[in-house]
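In: below are the sequence and a predicted model for it; my questions follow.
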Amino acid sequence: MTDMTLLDFLHYSFIQRAYLAGSFIAVLCAMLGLFLVLRRLSLIGDGLSHVSFGAIALGLFFGIYPFYVAIPIVVLGSYFILKLTERAKIYGDAAIGIVSSLGIASGIILASLSRGFNVDLFAYLFGNILAVSSAEVYLSVGLSLVVLLTIVMLYNDLFSVTFDEEYARITGIRVERINLILTFLTAITVVLAIKVVGILLVSALLIVPAVTALQIAKGFKGAMIISVLDAVVSVLMGITLSFFLDLPAGGTIVMTSLAFFGASLLYKRIT
């Protein structure tokens with residue numbers, strides 16, 4: 001590995017797949033993460049990743065491709081979080097805690113009932129972007145394009161609701177519908193990001209690039225651009241470093257992103 005050039009490295013098909021899928025998912029996490037952080041909903045990513053743990057365990061238990069099970073269940077989990085907050089008058093963090101506890105508990109029970117898929121479940125916990133298949137790349141890119149197109153089409157509404165929900169409601173924006181769409185988009189993104197960094201680190205990919213961008217950006221659009229660049233570069237660098245240093249890809253990606261966050265704090269202090 002030490003004698004390998006970067007050009008040789010890029011010729012590997014599994015690296016190309018990891019770069020492609022990882023870049024698309026990084027863009028999603030960066031864009032949605034900025035909306036979530038500004039709305040103080042950043043922990044929803046952590047809660048939905050716990051729901052995905054139970055959903056993936058369910059898929060493995062019945063021998064079904066886990067993402068096919070996880071996407072609808074995690075979307076449903078995001079709906080329950082939203083409705084608990086709106087109708088049961090439960091604070092957002094408490095609603096996230098309730099739904100995520102259900103996901104974790106069900107996943108643990110399913111894992112204990114069948115010992116045969118514990119190795120597969122372990123891989124989903126920590127991520128394995130270098131093992132992404134062609135089918136998973138198509139799924140990731142396809143769903144990413146759908147989510148990105150939705151964000152672009154609803155950008156003004158999402159922006160208005162993020163900064164002043166009451167004003168947005170007065171101007172005729174259907175705030176409840178926008179909130180529902182945002183939680184659904186987050187649920188899909190969380191499931192896709194599991195392959196990149198794993199269930200345990202999904203929230204980091206949503207939060208860290210957004211917080212980094214907010215340290216140095218002068219406006220919302222600038223923060224969006226910086227957040228996207230941070231996430232994509234972190235994923236590409238993390239994949240590359242993990243290969244050459246023989247490190248777990250998910251952890252390396254997050255540590256790279258955290259290094260950028262540290263640099264942003266230093267930049268903010270000296271400027």
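Out: Thanks, I have it.

In: please enumerate the strands of the stretch 51-200 of the chain.
Out: Using DSSP state E, counting those that start in this stretch, the stretch 51-200 of the chain contains no strands.

In: where does pLDDT dip in the protein?
Out: Low-confidence segments of the chain (pLDDT under 70): 1-6, 87-92, 114-120.

In: flag every buried residue along the helix or strand hosting residue 46.
Out: Residue 46 is part of helix 44-61, with elements assigned from DSSP states H and E. Counting neighbours by 16 or more other CB atoms under 10 Å, one finds that the buried residues in helix 44-61 are 44-61. Quick note: C-beta positions are derived from backbone N, CA and C, even for glycine.

In: ok, now stretch 261-271?
Out: Quick answer for stretch 261-271 (16+ other CB under 10 Å): 261, 264.

In: need the residues that contact it.
Out: Outside stretch 261-271, the residues that touch it by CB atoms under 8 Å, 6 or more residues apart in numbering are 208, 211-213, 215-216.

In: buried ones only from these, please, as a PyMOL command.
Out: In PyMOL, this line selects whichever of these come out buried by 16+ other CB under 10 Å:
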select buried, resi 208+211+212+213+215+216
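
In: residues in contact with residue 79?
Out: 180, 183-184.

In: out of these, which is most surrounded?
Out: residue 183 (22 neighbours; other CB atoms under 10 Å).

In: tell me which residues of stretch 130-150 are tucked away?
Out: Those would be 130, 132, 136-137, 139-141, 143-144, 147-148, 150, for stretch 130-150 by 16+ other CB under 10 Å.

In: Serialize those residues to TSV and add fields for distance to residue 86.
Out: As requested, those are exported to TSV (distance: CB to CB, whole Å):
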residue	distance to residue 86
130	41
132	36
136	34
137	37
139	31
140	31
141	33
143	26
144	28
147	23
148	27
150	21
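
In: of those, which belong to helices?
Out: Members of those lying in helices (criterion: DSSP state H): 136-137, 139-141, 143-144, 147-148, 150.

In: ok, those vs residue 255, which is closest?
Out: Closest approach to residue 255 among these (CB to CB): residue 140, at 22.3 Å.

In: count the residues that sit near the closest residue to the closest one other than its chain neighbours.
Out: Using CB to CB, 6 or more residues apart in numbering and skipping residues adjacent in sequence, the residue nearest residue 140 is residue 21, 4.3 Å away. Residues near residue 21, counting by other CB under 10 Å, number 25.

In: appreciated, that's everything.
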